[in-house]
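Colleague: Sequence unavailable; structure follows:
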């Protein structure tokens, strides 16, 4: 799991140092980035690039997010109070899922592409991460049966924030989500009451679109 050469612990620490230089401050997030073997979440041919601070392809026109973005979104999600129950929209490779599973008690994750989710399941089982539940579903609908959630994170960008995700947040809960088409912004949305939400724009980002339907 530790890897050798370009996947070694020393290489991981260099990535962590770059994240610190980029403004990531949460020590638990940095520890998770250091400990989770990112090279296991990409094809073997890309393993030597796994600890670069860059997005990488994972097939099906999807990507493994840039480590800075993973760290930033996770930091926003757990800031102030660590959530107990988190919903992730877009399992993808399972890397963001693994970071969450390292930090919070219960992770629920949805993915519309079955083959991607099956691979992610195998990876997380190999890492003995048993606090994750998977659902093959359209992320636009969230996971109503398990709602409400303390926090929700989306690894794909809708044109507008899905109403289902807002409704599945607990009061006081937070949603971290990229929003937009050509110009995307990372938003932090906090549910302040049954009917009200506080929206903060964090920074410009670029994510794959949040698509509908199953594959």
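Modeller: Arrived safely, thanks for sending. These figures come from a predicted structure and were not determined experimentally. Residues are numbered from 1 along each chain as shown.

Colleague: And the pLDDT for the residue nearest the centre of the chain?
Modeller: The C-alpha lying nearest the average C-alpha coordinate of the chain belongs to residue 96 (CA atoms, centre = their mean; 3.7 Å). Listed pLDDT for residue 96 reads 98.

Colleague: thought it was touching residue 156?
Modeller: No - applying CB atoms under 8 Å as the test, residue 96 and residue 156 come out as separate, 11.0 Å apart. C-beta: built from backbone N, CA, C; applies to glycine.

Colleague: which residues of this protein score low on pLDDT?
Modeller: 1-7 (pLDDT under 70).

Colleague: Could you pull out the buried residues of the biggest strand by length in it?
Modeller: Criterion DSSP state E: the longest strand present in the chain is strand 169-179. Buried residues in strand 169-179, counted by 16 or more other CB atoms under 10 Å: 169, 170, 173, 174, 175, 176, 177, 178, 179.

Colleague: Going by neighbour count, which residues in stretch 61-80 are buried?
Modeller: Of the residues in stretch 61-80, those buried (16+ other CB under 10 Å) are 62-78.

Colleague: gap between the two ends of that stretch?
Modeller: Using CA to CA, to the nearest Å, one end of stretch 61-80 lies 35 Å from the other.

Colleague: chain center to it, what's the gap?
Modeller: Computed by CA atoms, centre = their mean, to the nearest Å, the chain-centroid distance of stretch 61-80 equals 5 Å.

Colleague: same thing with stretch 202-211?
Modeller: 12 Å.

Colleague: For it, measure first residue to last.
Modeller: For stretch 202-211, the first-to-last residue distance is 23 Å (CA to CA).
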